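Q: Quick one: sequence plus predicted model below, questions after.
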Amino acid sequence: MALLPVPGSTSPTRSAGSGPASDPASAAPAPPFTAPPRPTGPPRRGGRLARRTGAALLAVAALAAATPASAATTEDRSGAASSEAADVAGGTYQQVTGFGSNPGNLAMYTYTPAGLPAGAPLVVALHGCVQTAGDYYRNSGWTTFADRYGFAVVFPQTGTANNSLSCFNWFDAAKDGRGAGEARSVVEMVAKAGALYGSDGHRVFVTGLSAGGAMAADLLADYPDVFAGGAIDSGLPAHCATTQSAASGCQNNDQRLTPAQWGDKVRRAYPGHTGPWPRVAIWQGTADTTVKPVNGTELRDQWTDVWGIGQNASTTRSLPGGTTQSVYDDASGRPAVALYSVAGMGHGLAVSPGPGADQCGATGAYFLDTICSSYYTAQFWGLDGAGPTTPSLPAPTDLTATATGPDSVALGWQATTGAASYLLYRDGVRVAAPTGTSHTDLGLSPGTSYTYTVAAVDPAGVVGARSAGLTVTTAGGAPQCFTDSNYDQVKAGRATQSGGLTFALGSGQAMGLWNTFTTHTLQQTGPGYFVLADGRC
């Protein structure tokens, strides 16, 4: 999915979806129409076909970049007039007009479950390039969880009048900044949805794919007072690019910024805001050649720095579809940032068609059959009703971990006032429940790194906040390193190549030309994750 801005794009000052917010005639949605069909049963699984289709559309998108932008349109590709609505599968999908001054020339669509109560959460879902709101409505799986958990979804739509590939303009400071352009139009949609559906203003979330994901990141930076959380799927760090010429570099290259420099881009978006900050989920495929995997790492660096927490995961776990979830907790022990790395996935939104509780969506171009990202994102935000709560006891302090041999680690920590016992976690999995403030973990593997956290438990059995993670490596081995030509690194699955260039798998670090003459050392730091380690191992 090409994310690059398109020369010659135009932006009309008003669209069919614009109008003064005070216009009484615009206070309600327009009358019914035939909505685009929503999947009613388990769609055919087709991840490989979806990837091939996606590759073909990339070529189409590249050709489209040379085509002059067409007139603005707010019609869905199904051909249905988008100013009307219909009841579908128990809920209503419709266009809403008159949501504000609409300086970004966007159209607003919403999905509301039947019987939606006042005070429900609201999710804003932004489509990718060469897509429409209807595509995201049909394929992303968000309506499944809107029905299950009870929340409304806003599907903003841009068009070829704004960008000839129908991309959100995440790289243009006049369109993606606080109070400006498309960003302001989206926030006007949030206000309109709140007025129509009585949404809870403290539980508004934004997510998006590709260019939509990059715009979602910008919105989280611009409006931390509006959005309680966000999810960036195959997207880019907030305000990575501010010009058209810089956009390609953000997509393809490591920007070599420190976490603090990434965090400053967020802090500058709304000067003076000191928190609270949105909770951010990041989804990235390790084989993405359109938005390189390094963007996932940069997003993690950016938002952990904004939260004032380190870049060492508090917990990690394996999920379906070859997905590794790394969670970074805030000072109270609640998840603040989560990075979901999907092994072998290319560019797109992770879906998993089927009837299972953790499945959703339909495959298609840029909707890839791997894992239902919408399900895990909804859980991360707490939309399933089991959201993060404030623990009763603070996290234990001064955690120490010392390798005492090839198969053992001695741990200790300061006592927590009011604690009856403690829970010790190794790599996110509970391994012991000592009553004191020390424990020796046995039966470990030599030369292996483990990350430990500890939490206090009060007399009622309520588990408190977890400490920050502390990593220690047992004796008897060293991290595995591989020195080889770029060609053989790719052949061995430790790197990927695109356009004749080589990139380390997972980290996305640039390695130079894809040939047998250029040699680098890669160090494996996790499953499917390699970093450049020339001269270091």
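A: Great, that's in hand.

Q: Just the buried positions in stretch 507-522, please.
A: Using 16 or more other Cβ atoms under 10 Å as the test for burial, stretch 507-522 gives 507-511, 514, 519-522. For every residue, glycine as well, the C-beta is placed using N, CA and C.

Q: For the stretch 351-500 of the chain, give me the ranges with low pLDDT.
A: Of all residues in the stretch 351-500 of the chain, those with pLDDT under 70 make up the ranges 386-392, 428-429, 460-462, 477-479.

Q: can you map out the strands along it?
A: Assigned by DSSP state E, counting those that start in this stretch, the strands in the stretch 351-500 of the chain fall at 367-369, 400-405, 408-412, 421-426, 429-432, 438-441, 449-457, 463-466, 470-473, 481-485, 495-498.

Q: what ranges do the helices span in the protein?
A: Along the chain, counting by DSSP state H, helices occupy 47-64, 133-139, 142-149, 181-197, 211-222, 244-252, 259-269, 294-307, 373-381, 486-491.

Q: ok, back up a step: restricted to strands, list the buried residues of stretch 507-522.
A: Mapping the buried residues of stretch 507-522 onto strands (DSSP state E) picks out 510-511, 519-522.

Q: Can I get the residues you listed in TSV including distance to A146?
A: TSV is the format used below for these (distance: Cβ to Cβ, whole Å):
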residue	distance to A146
A510	40
M511	43
T519	51
H520	46
T521	48
L522	43
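
Q: Between those, which sits nearest Q497?
A: M511 (9.1 Å; Cβ to Cβ).

Q: So which bits of stretch 335-350 are buried?
A: Those would be 335-350, for stretch 335-350 by 16+ other Cβ under 10 Å.

Q: Could you do stretch 262-269 as well?
A: Under 16+ other Cβ under 10 Å, the buried positions of stretch 262-269 are 262-267, 269.

Q: Closest one to A174 out of those, please.
A: A269 (13.9 Å).

Q: Tell me which residues touch the closest one, please.
A: Counting by Cβ atoms under 8 Å, 6 or more residues apart in numbering, A269 makes contact with 177-178, 218, 221-222, 238-239.

Q: If you rank these by neighbours, which is first?
A: Among the contacts of A269, D218 has the most neighbours (other Cβ atoms under 10 Å), with 35 neighbours.

Q: Once you drop chain neighbours, what's closest to that one?
A: D176 (4.3 Å; Cβ to Cβ, 6 or more residues apart in numbering).

Q: Return the backbone torsion pair for the one you found.
A: When quoted as degrees, to the nearest 10, the phi and psi of D176 stand at phi -120, psi 20.

Q: Report how many residues lie close to it.
A: Other residues lying near D176 total 29 when counted by other Cβ under 10 Å.

Q: right, and it touches W170 too?
A: Yes: assessed by Cβ atoms under 8 Å, D176 is found in contact with W170 at 5.4 Å.

Q: Mutual contacts of these two, please.
A: Residues touching both D176 and W170 by Cβ under 8 Å, 6+ apart: 215, 218.

Q: Run through the residues that contact T323.
A: So T323 contacts 340-343, 350, 370-371 (Cβ under 8 Å, 6+ apart).

Q: Please apply the same query to Q524.
A: 479-482, 494, 530.

Q: ditto for N169
A: N169 sits in contact with 5, 9, 158, 162-163, 175-176, 181-182, 215, where contact means Cβ under 8 Å, 6+ apart.

Q: 6 Å instead, please
A: Residues near N169 by Cβ atoms under 6 Å, 6 or more residues apart in numbering: 163, 175, 182.

Q: Throw the residues you listed into TSV and include distance to A362, pLDDT and neighbour count, thanks.
A: Listed next are the contacts of N169 as TSV, based on distance: Cβ to Cβ, whole Å; pLDDT from 0 to 100; neighbours: other Cβ atoms under 10 Å:
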residue	distance to A362	pLDDT	neighbour count
N163	25	92	25
K175	30	90	24
E182	27	96	29
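
Q: With distance to T304 added, can I get these in a markdown table?
A: A markdown table is the format used below for the contacts of N169 (distance: Cβ to Cβ, whole Å):
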| residue | distance to T304 |
| --- | --- |
| N163 | 31 |
| K175 | 27 |
| E182 | 27 |
